[in-house]
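In: Turn this into a model:
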Amino acid sequence: MALELFVVSDFTGETAEHVARAAASQFGAKKAELRRFRYVNNDERGREVLEEALRSQAVIICTLVDHALRRWFVEEAEKLNLPIVDILGPILKILENRLGCPPLETPGLLRRLDEEYFRRVKAVEFAIKCDDGRGAELYEEADLVILGVSRTSKTPLSMYLAHKGVMVANIPLVPEADPPKGLFDLPPERVIGLTINTEKLSSIRKERLRILGLDADLSNYAQPERLERELDFSVAIMRRVGCKIFDVTNRAIEEVAQEVLDYLRV
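Out: Model (predicted):
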């Protein structure tokens, strides 16, 4: 049977869960099973969790910010010979000693719904509305508009940047369709282009066709001649806009995103 890991928190337990999953992953799949106990904020609820852990002979991983509750919970677990990992306790103690002041002991501060949080939510909603050429009427509100041919990671990059609070729209470029007229009225510093070498793009598109159950040899979608035409067309549009162009060949989304963020801060 799998070892049970009890994730115990006085809020949502995301921190403890991430740590537990990271540790459990080192032992392969199905070796450990997580059970979550959220909003454990009093002795009565804590006692219920400990009794359940004792019956299951579980390992407890907790993130309790209230000092008195945390100390009581850890001591009770040790009395029952239950293995327990107190994630926050040692860190809070060190910070308290070095900073010379006690912690606030307020659950959920990390996830408080503040202005920054709502800004990110708004940006994600905007990216969804303006994905793949949609929402042209909203482009003027965008912090950034991304151009590129199919399979240059426009959507993943848009969503990554949106989670950083950037309002992003993306537009696919194909020779058979004119780009939105409003594109050329945007300030070029608010537009970027993504390009990629033909060989890599062909490989990506062939894999996409394979996943869809289609024969890449029978499709124009991944043929070098077609790709060169698309890429030449896209670069011509980007130069007409006057935007910065990023080569995404063999590069991770995170790497490209960081360069784009650095560019936007200039």
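In: List the contacts of I60.
Out: Under the criterion of C-beta atoms under 8 Å, 6 or more residues apart in numbering, the neighbours of I60 are L5, F6, V8, V49, A53, A77, L82, P83, I84, V85. No exception for glycine: its C-beta is placed from N, CA and C like everyone else's.
In: Any figure for the gap between the closest residue to it other than its chain neighbours and G182?
Out: Counting by C-beta to C-beta, 6 or more residues apart in numbering, I84 is the residue found nearest to I60 once chain neighbours are left out, at 4.2 Å. In this structure, I84 and G182 are separated by 59 Å, where distance is defined by C-beta to C-beta, to the nearest Å.
In: Ok, L201 next?
Out: Between L201 and G182 the distance, using C-beta to C-beta, works out to 27 Å.
In: same check, this time on L54
Out: In this structure, L54 and G182 are 65 Å apart, going by C-beta to C-beta.
In: Could you pull up the residues touching the closest residue to L3 other than its chain neighbours?
Out: What sits nearest to L3 in space, not counting adjacent residues and going by C-beta to C-beta, 6+ apart, is A32, at 4.7 Å. When contacts are counted by C-beta under 8 Å, 6+ apart, A32 touches A2, L3, E4, L5, A20, A24.
In: Produce a ChimeraX select command limited to the buried residues of the residues you listed.
Out: Provided next is the ChimeraX selection string for whichever of the contacts of A32 are buried by 16 or more other C-beta atoms under 10 Å:
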select :4,5,20,24
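In: May I see the contacts of A32 organised as a markdown table, with distance to R71, secondary structure and pLDDT added?
Out: As requested, those are arranged in a markdown table below (distance: C-beta to C-beta, whole Å; DSSP: H, G, I helix; E, B strand; the rest coil; pLDDT from 0 to 100):
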| residue | distance to R71 | secondary structure | pLDDT |
| --- | --- | --- | --- |
| A2 | 30 | coil | 85 |
| L3 | 26 | strand | 93 |
| E4 | 24 | strand | 95 |
| L5 | 22 | strand | 95 |
| A20 | 21 | helix | 92 |
| A24 | 26 | helix | 91 |
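In: Which one of the contacts of A32 is nearest to L186?
Out: Using C-beta to C-beta, A20 is the member of the contacts of A32 that sits closest to L186, with 46.0 Å.
In: I figured the closest one hits L34, correct?
Out: Yes. Here A20 reaches L34: they are 5.7 Å apart, a contact under C-beta atoms under 8 Å.
In: Touching both of those two, which residues are there?
Out: The overlap between the contact sets of A20 and L34 (C-beta under 8 Å, 6+ apart) consists of L5, V7.
In: Give the full set of residues in contact with the residue nearest to I60.
Out: Taking C-beta under 8 Å, 6+ apart as the definition of contact, the neighbours of I84 are V59, I60, I61, C62, F73, V74, A77, E78.
In: could you redo the last one with a cut-off of 10 Å?
Out: For I84, the residues meeting the contact criterion (C-beta atoms under 10 Å, 6 or more residues apart in numbering) are 6, 8, 50, 53, 58-62, 73-78.
In: Selecting buried members of the contacts of I60 in PyMOL, what would you type?
Out: Buried subset of the contacts of I60, written as a PyMOL selection, criterion 16+ other C-beta under 10 Å:
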select buried, resi 5+6+8+49+53+77+82+84+85
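In: What about the contacts of I60, which are in strands?
Out: In strands, defined here by DSSP state E, the members of the contacts of I60 are L5, F6, V8, I84, V85.
In: May I see the residues you listed arranged in TSV, with distance to A68 as well?
Out: Written out in TSV, the entries for those read as follows (distance: C-beta to C-beta, whole Å):
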residue	distance to A68
L5	25
F6	20
V8	16
I84	16
V85	19
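In: Just give me the closest of the residues you listed to N220.
Out: Among the ones in strands among the contacts of I60, and counting by C-beta to C-beta, the member closest to N220 is L5, at 51.2 Å.
In: Am I right that the closest one is in contact with A24?
Out: Yes. Under the criterion of C-beta atoms under 10 Å, L5 lies in contact with A24, with a separation of 6.5 Å.
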